[in-house]
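Student: Kindly return the folded structure for what I paste below:
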Amino acid sequence: MSNNGNSLLNYLESTPMDLRVSNLYKSFPDKEVLKGLDLHVGPSETHVILGKSGVGKSLLLKCICGLEPYNSGSVFLNGEQVLSDKDLAKYKIGFVFQSSALFNSMSVSDNVGIYLREHRLVKDEDQYRSLVSGALELVGLSGVEEQFPSELSGGMKRRVATARVLVMSPDLILFDEPTTGLDPMMTKTIGELIVTLKETINTTQVVVTHDIEFGKYIADRISIISEGKIIDVGDPGNLENSCNEVVKSFISKKFDEREGKYEERI
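Tutor: Down below sits the predicted model:
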């Protein structure tokens, strides 16, 4: 790893977070989505939430980090119940959006470093450039600092969005469908990146996906969500041994990205 990469790792001061969600309900005028959901993610764990599209996976992440209010229930961070934005502000939570959510008018460097600039966390321009370049190196994108989002592929944008989160020194990283729309090679690259983050910065990660094989590759534990609740939790290797009929039906299928639907595995 280069000096920039080492500078980033020395700079990071994240404290792996314990996350607990208890009896969470979230509804909209025409639909109840989360129906008493419970979830526990331990410090430094990479926890995957698997489920079909539309079952509330992404909504759950938004409720956890305060982007979406919930009707009732509780979210606990390191044992403390989150009751307000002030409570959330005590922690550094990074969110890697499915859309990447990069600013098209800004260079890659400026996108990655926006948190550093806004919070005035760097002493000088040399440190800023070192941390930004180190974050991009860690996600496998050295040398793209001066490019713009329009020049990047979908997979590259996801990695830039991850680099932007890294410079926050996150206690918790939430990934929303990080492989949607990506080809198998880039899906593998994103999976390797998430595994690398676990090994290098030791942060807690929650990854929402509908891709079973991807989930099994990156996860310490997997939760299956259906009908607004977590219906099964276990190690990736034990997923096939579940006695839950809904889980058995789900893992017997694969998701076709091009067709946008599940098909029986052959």
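
Student: Tell me the buried residues in the helix or strand hosting N23?
Tutor: Taking DSSP states H and E as the criterion, N23 maps to strand 19-28. The neighbour-count check on strand 19-28 (16 or more other C-beta atoms under 10 Å) flags L19, R20, V21, L24, Y25, K26 as buried. Placement of C-beta: from N, CA and C, glycine included.

Student: which of those sit farthest apart?
Tutor: Farthest apart among these by C-beta to C-beta are L19 and Y25. That separation is 17.8 Å.

Student: before we move on, the earlier item: list the buried residues of whichever helix or strand comes after the strand holding N23.
Tutor: Counting by DSSP H and E, the next helix or strand C-terminal to strand 19-28 is strand 31-41. Neighbour counts over strand 31-41 (16+ other C-beta under 10 Å) mark V33, L34, L37, L39, H40, V41 as buried.

Student: same check, this time on stretch 207-219
Tutor: V207, V208, T209, H210, D211, I212, F214, G215, K216, Y217, I218, A219.

Student: Could you do stretch 78-98 as well?
Tutor: By 16+ other C-beta under 10 Å, the buried positions in stretch 78-98 come out as V82, Y91, K92, I93, G94, F95, V96, F97, Q98.

Student: who's in contact with the top helix by length along the chain?
Tutor: As assigned by DSSP state H, the longest helix anywhere in the chain is helix 184-201. Helix 184-201 is contacted by residues 9, 12, 14, 44, 46, 138-140, 153-155, 158-159, 162, 166, 173, 175, 178-179, 182, 203, 205, 207, 211, 214, 217-218 when judged by C-beta atoms under 8 Å, 6 or more residues apart in numbering.

Student: residue contacts, the residue nearest the centre of the chain?
Tutor: By C-alpha atoms, centre = their mean, the chain has its centre lying nearest to F175, at 1.5 Å. By C-beta under 8 Å, 6+ apart, the residues touching F175 are V96, I194, Q205, V206, V207, V208, T209.

Student: Go through the helix or strand encompassing it and flag the buried ones.
Tutor: Per DSSP H and E: F175 is located in strand 172-176. Using 16+ other C-beta under 10 Å as the test for burial, strand 172-176 gives L172, I173, L174, F175, D176.

Student: Which among the contacts of helix 184-201 count as buried?
Tutor: Buried members of these, scored by 16+ other C-beta under 10 Å, are 12, 14, 44, 46, 138-139, 155, 158-159, 162, 166, 173, 175, 178-179, 182, 203, 205, 207, 211, 214, 217-218.

Student: Could you list the low-pLDDT ranges of this structure?
Tutor: 1-7, 253-266 (pLDDT under 70).

Student: Start from the N-terminal end of it and give the helices.
Tutor: Going by DSSP H, the chain shows helices at 3-11, 57-64, 85-88, 108-118, 125-138, 154-166, 184-201, 212-218, 245-251.

Student: Tell me which of those helices sits most buried.
Tutor: helix 154-166 (a mean of 24; mean count of other C-beta atoms under 10 Å).

Student: Show the end-to-end separation of stretch 160-174, please.
Tutor: In stretch 160-174, first residue to last residue: 15 Å (C-alpha to C-alpha, to the nearest Å).

Student: One more: stretch 224-231?
Tutor: First-to-last residue span, stretch 224-231, C-alpha to C-alpha: 6 Å.

Student: residues near the residue nearest to V55 when sequence neighbours are not counted, how many?
Tutor: Distance criterion C-beta to C-beta, 6 or more residues apart in numbering; nearest residue to V55, sequence neighbours excluded, is I225 at 5.3 Å. I225 has 22 neighbouring residues, counting by other C-beta atoms under 10 Å.

Student: can you check N238 too?
Tutor: 11.

Student: Give me the distance between it and E137.
Tutor: According to C-beta to C-beta, to the nearest Å, N238 and E137 sit 36 Å apart.

Student: Then D30?
Tutor: D30 is 46 Å from E137, where distance means C-beta to C-beta.

Student: Now distance to F103 too, for the buried residues of strand 172-176, in TSV please.
Tutor: Output for the buried residues of strand 172-176, formatted as TSV (distance: C-beta to C-beta, whole Å):
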residue	distance to F103
L172	23
I173	20
L174	20
F175	20
D176	18
